[in-house]
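[1] I'd like to go over a predicted model; first the sequence, then the structure.
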Amino acid sequence: MTRAEPAGDAAQPFRVSFVCTGNICRSPMAEVVLRSLAERAGLGDRIAIESAATGDWHVGERADQRTIDALDRAGYDGTHHRARQFDAGDFPALDLIVAFDRGQSRILRNQAPTRLDQDKVRLLLEFDSELAPLHDVPDPYYSDAATFDRVLGMIERSTSALFRQLAPALRQGIR
């Protein structure tokens, strides 16, 4: 995975980072789903997508096998993922930072160096009006395969809603 360059140049892609607790379940799912949506729409070169963790427990590890399996059942490849920890120094290079629950959002906002950077942090479910009242995407880590599939369904739905909002600007090259 390549690191994002600083934002600001119109030729640069829109930069999104999905951040969950360990970067082995929810955030890799969203990264893979959004990348797939962008590539299928022919916009893969206009958006840079990454994921990270608020904690350092799994840095360097692959996605949880249940994540890889759920993605595979849904037609995605999650085998290339390696977990990393979010670095507050990344804020200036990112256009959007998507958290999966209110705790992660709070951690990220507290790490943000400026008010503008705090405003980049959003909850994933905010992008889907029907799921938004739930606020949080449940962490499937201590659950079974069926829960991973349900969580992936929530992520697919909300990530698709996010992409529908981003796609017109991406097509026009607007950041």
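    Ah, there it is. Numbering: from 1, shown residues only.

[2] contacts and neighbour counts: CA atoms only from here.
    Noted.

[3] what's the burial count for the closest residue to residue 117 other than its chain neighbours?
    Nearest residue to residue 117 in three dimensions, chain neighbours excluded: residue 91, at 6.1 Å (Cα to Cα, 6 or more residues apart in numbering). By the criterion of other Cα atoms under 10 Å, residue 91 has 24 neighbours.

[4] List the beta-bridge partners for the most centrally placed residue in the chain.
    Residue closest to the mean C-alpha point of the chain, counted by Cα atoms, centre = their mean, is residue 18 at 2.4 Å. In this entry, residue 18 is beta-bridged to residue 51, residue 98, by DSSP bridges.

[5] All further residue positions should be reported with the first residue as 450.
    Happy to do that; since the first residue is 450 now, the last one works out to residue 467.

[6] if I pick it, what's in contact with it?
    Residues near residue 467 by Cα atoms under 8 Å, 6 or more residues apart in numbering: 476-477, 479-480, 498-501, 546-548.

[7] Let's see that with 6 Å instead.
    Residue 467 makes contact with 476, 500, 546-547, according to Cα atoms under 6 Å, 6 or more residues apart in numbering.

[8] Look up how far residue 528 lies from it.
    Look at residue 467 and residue 528: by Cα to Cα, to the nearest Å, they are 17 Å apart.

[9] List the buried residues of the helix or strand where residue 598 lies.
    Per DSSP states H and E, residue 598 falls inside helix 594-621. Using 16 or more other Cα atoms under 10 Å as the test for burial, helix 594-621 gives 596-598, 600-601, 603-612, 615-616, 619.

[10] Quick check: nearest residue in space to residue 481, chain neighbours excluded?
    Leaving aside its sequence neighbours, residue 481 sits nearest to residue 527 (Cα to Cα, 6+ apart; 6.6 Å).

[11] quick one: that neighbour and residue 517 touch, right?
    Yes - in this structure, residue 527 is within contact of residue 517 by Cα atoms under 6 Å, at 5.1 Å.

[12] Tell me, how many residues neighbour residue 503?
    Counted by other Cα under 10 Å, the residues lying close to residue 503 total 20.
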